[in-house]
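J.: Pasting the sequence and the predicted model now:
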Amino acid sequence: MKTFLMRIVLFTSLLLIGAVLTACGSTPATGEQAAASELSPAIAAASASPAATTAATAEPTATIAPTATVAPTHTPMPTAEASTQAHDHMQMPEATATTTEMPVGAEVQAEIKLFQYNPEPLEVAVGTTVVWTNQDDIEHSVTHGTPEAPGDTFDSGLFPKGQMFSFTFTKPGEYLYFCSRHNSMQGRVNVTEVSSAAPSDAASAHTASAPPERLVIPQINLDVKPVAVGLDQQRIPEVPRHDVGWFTGSAQPGRGSNVIFWGHVLRWKDTPATPAPFERLHELRPGAEITVFSNGGPQHYQVTEQIRVRPENVAYLLPTAEEQLTFVSCIGDNVIVTGTLTKEFRLVTIAKPVTS
């Protein structure tokens, strides 16, 4: 009986072991495949998600494509075209200004400032209207003629600051004028008859005239760039310390009138090692060559005379009927004097154009 029971237990154990082995054999494989099949959609979805995100981000990138279509880059094009048109338009008046029709009937502005008429002299064509504006705090006039011989062509009478006087010149010629209250103020208007046959000559003459850019006097080893200067509030010449000054109230080279330069002849006390620009001016003799460069071109002159004048003599600063250079030595107070200054005068050197 005992043996029979042991056989039953053994048989039952074998059945259980077989069931366990059967369960551990095929079922896991089927489970992994099922799990894999369940995960595949998630993995596919997950792997598809970046693709979808890329596609989504590609669309905004694609929306930038209009920027890449050079729409912004293309926008400067109308600006460039507009600037070209404006430039062409601006060139038109300049081109017409060189013709004879522009000066005739034109209006030229002049000013009265610091007891000076500016520009001086005036070069205009027949039919031009000159408008003078008083910029000084005191009354001035524009009166035809000279203090010694007043004319009757035009007379503004005294007019205050901010007021204007105009006159149209209908006949060619030279018109001198002055201020009836301040007789030292004098000016000149040169009125020329413009013919249709000479537009290029008039244009070239206007172009050739410009402020002096360089002054060369080989005999005294002077080669400088003049500095434009005027008068101060007290009507005293503004003289550069170490430079040659070109008086802006005088003519420009090539304009057929008085071109005035001034400078010191004595050295300044605080800079005794720096030569004065005109300290050798007295060495010049008649025939000495002088070259003035204006508007890029040279104009040649020769010294004709030297004179000594008192400081109060300003006749040499007035306009002249013919072209000349006038060099004026200016003596200041703050200078080193190597000897005793017994006489006070200014050395004036005159040079005339070289005629071929």
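T.: Nice, thanks for sending it over. Residues are numbered from 1 along each chain as shown.

J.: Please name the bridge partners of the closest residue to Phe278 other than its chain neighbours.
T.: Of all residues not flanking Phe278 in the chain, Gly263 sits nearest, at 4.2 Å (CB to CB, 6 or more residues apart in numbering). C-beta coordinates here come from the backbone N, C-alpha and C atoms, glycine included. For Gly263, the beta-bridge partners under DSSP bridges are Ser329.

J.: quick check, His282 in a strand?
T.: No. Under DSSP: H, G, I helix; E, B strand; the rest coil, His282 falls outside any strand and is assigned helix.

J.: which neighbours does the longest strand along the chain have in its sheet, and in what orientation?
T.: As assigned by DSSP state E, the longest strand anywhere in the chain is strand 297-309. Based on DSSP bridges, the pairing partners of strand 297-309 within the sheet are strand 289-294 (antiparallel), strand 346-353 (antiparallel).

J.: okay if I get those as JSON lines plus distance to Ile236 and mean pLDDT?
T.: Output for these, formatted as JSON lines (distance: least, CB to CB, whole Å; pLDDT from 0 to 100):
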{"stretch": "strand 289-294", "distance to Ile236": "25", "mean pLDDT": "93"}
{"stretch": "strand 346-353", "distance to Ile236": "13", "mean pLDDT": "91"}
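
J.: Turn those into TSV, columns for distance to Val131 and mean neighbour count.
T.: Below are the strands paired with strand 297-309 laid out as TSV (distance: least, CB to CB, whole Å; neighbours: other CB atoms under 10 Å):
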stretch	distance to Val131	mean neighbour count
strand 289-294	27	20
strand 346-353	32	20
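
J.: between those strands, which one is nearest to Tyr175?
T.: Smallest distance to Tyr175 across those (CB to CB): 23.4 Å, for strand 346-353.

J.: Which helix or strand lies directly C-terminal to the lowest-mean-pLDDT helix or strand in the chain?
T.: Every helix and strand in the chain was compared by mean pLDDT, DSSP states H and E; the lowest is helix 76-97, with a mean of 30. Where DSSP states H and E defines the elements, the next helix or strand beyond helix 76-97 is strand 107-113.

J.: can you list contacts of that next one?
T.: Applying CB atoms under 8 Å, 6 or more residues apart in numbering, the contact partners of strand 107-113 are 117-119, 122, 124, 128-136, 140, 142, 166, 179, 185.

J.: next SSE after it?
T.: By DSSP H and E, the next helix or strand past strand 107-113 is strand 116-118.

J.: which helices and strands does the helix or strand following that next one pack with?
T.: Per DSSP H and E, strand 116-118 leads on to strand 122-125 as the next helix or strand towards the C-terminus. Here strand 122-125 touches strand 107-113, strand 186-192, going by 3 or more CB pairs under 8 Å, 6 or more residues apart in numbering; DSSP states H and E.

J.: looking at these, which one has the lowest mean pLDDT?
T.: If you rank those by mean pLDDT, strand 107-113 sits at the bottom with a mean of 87.

J.: what lines up beside that strand in the sheet?
T.: strand 116-118 (antiparallel), strand 129-134 (parallel).

J.: Out of those, indicate the one that is most buried.
T.: When you average the neighbours per residue for each of the strands paired with strand 107-113 (mean count of other CB atoms under 10 Å), strand 116-118 leads with a mean of 20.

J.: Quick one: residues in contact with that strand.
T.: So strand 116-118 is contacted by 110-112, 132, 142, 177, 185-187, 230-231, 248-249 (CB under 8 Å, 6+ apart).

J.: got a pLDDT number for the residue nearest to Ser184 when sequence neighbours are not counted?
T.: Spatial nearest neighbour of Ser184, chain neighbours left out: Val314 (6.6 Å); criterion: CB to CB, 6+ apart. Listed pLDDT for Val314 reads 78.

J.: what's the burial count for Val314?
T.: Val314: 13 surrounding residues under other CB atoms under 10 Å.

J.: wait, isn't it in contact with Asn183?
T.: No. With contacts counted by CB atoms under 8 Å, Val314 stays clear of Asn183, the gap being 11.3 Å.

J.: quick one on the thing from earlier: for the contacts of strand 116-118, please prepare JSON lines with the additional fields distance to Thr274.
T.: Below are those laid out as JSON lines (distance: CB to CB, whole Å):
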{"residue": "Ala110", "distance to Thr274": "38"}
{"residue": "Glu111", "distance to Thr274": "35"}
{"residue": "Ile112", "distance to Thr274": "37"}
{"residue": "Trp132", "distance to Thr274": "41"}
{"residue": "Val142", "distance to Thr274": "42"}
{"residue": "Tyr177", "distance to Thr274": "41"}
{"residue": "Met185", "distance to Thr274": "35"}
{"residue": "Gln186", "distance to Thr274": "36"}
{"residue": "Gly187", "distance to Thr274": "36"}
{"residue": "Gly230", "distance to Thr274": "24"}
{"residue": "Leu231", "distance to Thr274": "25"}
{"residue": "Thr248", "distance to Thr274": "24"}
{"residue": "Gly249", "distance to Thr274": "27"}
